[in-house]
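> Below: sequence and its predicted model.
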Amino acid sequence: MKHIKYLLLRRTTQISLMCLYFAANAYGWHILEGTFGTSYLFGTVPLADPYTTVQVLATGFVLGTDVLLGAAIITVFYFVIGGRAFCAWVCPINMVTDLSNWIRRKLNLDKEEVNYRFIKRSARYWIMVVGLLVSAFVGVAAFEVVSPITIMQRGLVFGFGMGAAVILTIFLFDLFGVKNGWCGHLCPLGAAYSIIGSKSLVRVKHDHVACTDCMDCKVVCPENQVLHMINKESISVTDGECTNCGRCVDVCNDDALEFGIRQFVKN
Ligand code: SF4
Ligand code: SF4
C-alpha cells in the first residue's frame, strides 16, 4: 500500500470531482457545478481557472466580480498547495497521460531512440503566451476552444463524441511520441499552474543522507528535471513544474522523500 498511497489518493480525488460534476448535471446536486473553467462550490463559492480567466480578459470581455473572485480563490489555493497539484490531483487528462507513461515503462519505450526530443519543455510557456495573443486577436478564449481538458470533462459528464479522438491522440502521442509529451511539454494550462506554484509552500523534501542514489524517483517522475538535488543536497523540490503527485515519495524505499513545507534554506 505504501507504494501507491498517493496514487490512490489522487485517483480518488480526480474521480470524486468528476462524479460531483456528473451528479450536478444528472441529479441537480449543488456540491460542485460547472466546468473546470468556472464552477460553483455549494452553489455559492465561485471558482474559476486563472488561465481561462486571463484568456477571457484578453478578448476584452468584461467579467463579473464573481468570476474574478473565483480566479483569485483558485490562484491563492494553488499558490499554497502547489500550482500543478491541479494537474496531478484534479485534471482528468492526467489519468490518460499517466496511463501512457506507465505503458511506456512496461514496454521499455523510454529508450532514447523512441523518445523523440524535438519539442522542448519550455514550449508550453510559449503556447500559453500564444493562447493569450490569439484570444485577444480573435475575441474568443482560444485554448478553451481546443482544450482536451474541457473535452475530457464534457465527455465524462455528457458522453464522448468526436472528442474521444483528441483524447486518443494525446494518449498515442505520449505513448509512442514524446515522453510526457502533452502535460510536460505542450499544455498551456499546466504552464500557467507551474507559474502559480513556483513559490508554493507544500513541496516534496529530499533527505540526501537517507538517499541511496537508486534513482527510482527519477524514473517515475513526469518532470524529473526538478529532481536535480537527488543525493546531492537536502532541500525541497522548488521548481514550479513539480506536480506534487507524490510518485517519488511512493516509490522511494529509503524514505528520502516526503511532503512537507518548503525549505527556503539548505540543510
Ligand atoms: S498539464 Fe494540462 S492536461 Fe496535463 S494534467 Fe496539467 S492541466 Fe491537465
Ligand atoms: S518531484 Fe515527485 S511530486 Fe514532483 S512531479 Fe516529480 S514525482 Fe511528482
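Now that the structure is in, tell me what you want to look at. Ligands and ions are numbered 1, 2, ... in the order given.
> Torsion angles phi and psi at the spatially most distant residue from the centre of the chain?
The C-alpha centroid of the chain is most remote from V209, which lies 30.1 Å away (C-alpha atoms, centre = their mean). Backbone torsions of V209, given as degrees, to the nearest 10, read phi -70, psi -40.
> Could you check how far the spatially closest residue to it that is not a sequence neighbour is from ligand 2?
Among residues not flanking V209 along the chain, S234 sits closest, at 6.8 Å (C-beta to C-beta, 6 or more residues apart in numbering). All C-beta spots, glycine's among them, are computed from the backbone N, C-alpha and C. Noted for S234: a distance of 15 Å to ligand 2, by C-beta to the nearest ligand atom, to the nearest Å.
> Which strand or helix spans R203?
Element membership of R203, judged by DSSP states H and E, is strand 202-206.
> Pull the next helix-or-strand element following that strand out as PDB, backbone CA atoms only.
Following strand 202-206 in sequence order, the next helix or strand is helix 216-220 (DSSP H and E). Extracted in PDB, the C-alpha atoms of helix 216-220 (Å, rounded to 0.1, in the frame of the first residue of the first chain):
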ATOM      1  CA  ASP A 216      13.800   5.200  -8.800                       C
ATOM      2  CA  CYS A 217      12.300   8.600  -8.200                       C
ATOM      3  CA  LYS A 218      13.700  10.000 -11.400                       C
ATOM      4  CA  VAL A 219      12.300   7.000 -13.400                       C
ATOM      5  CA  VAL A 220       8.700   7.600 -12.300                       C
END
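> coming back round to it: surely the residue nearest to V209 is in contact with H208?
Yes. Here S234 reaches H208: they are 4.8 Å apart, a contact under C-beta atoms under 8 Å.
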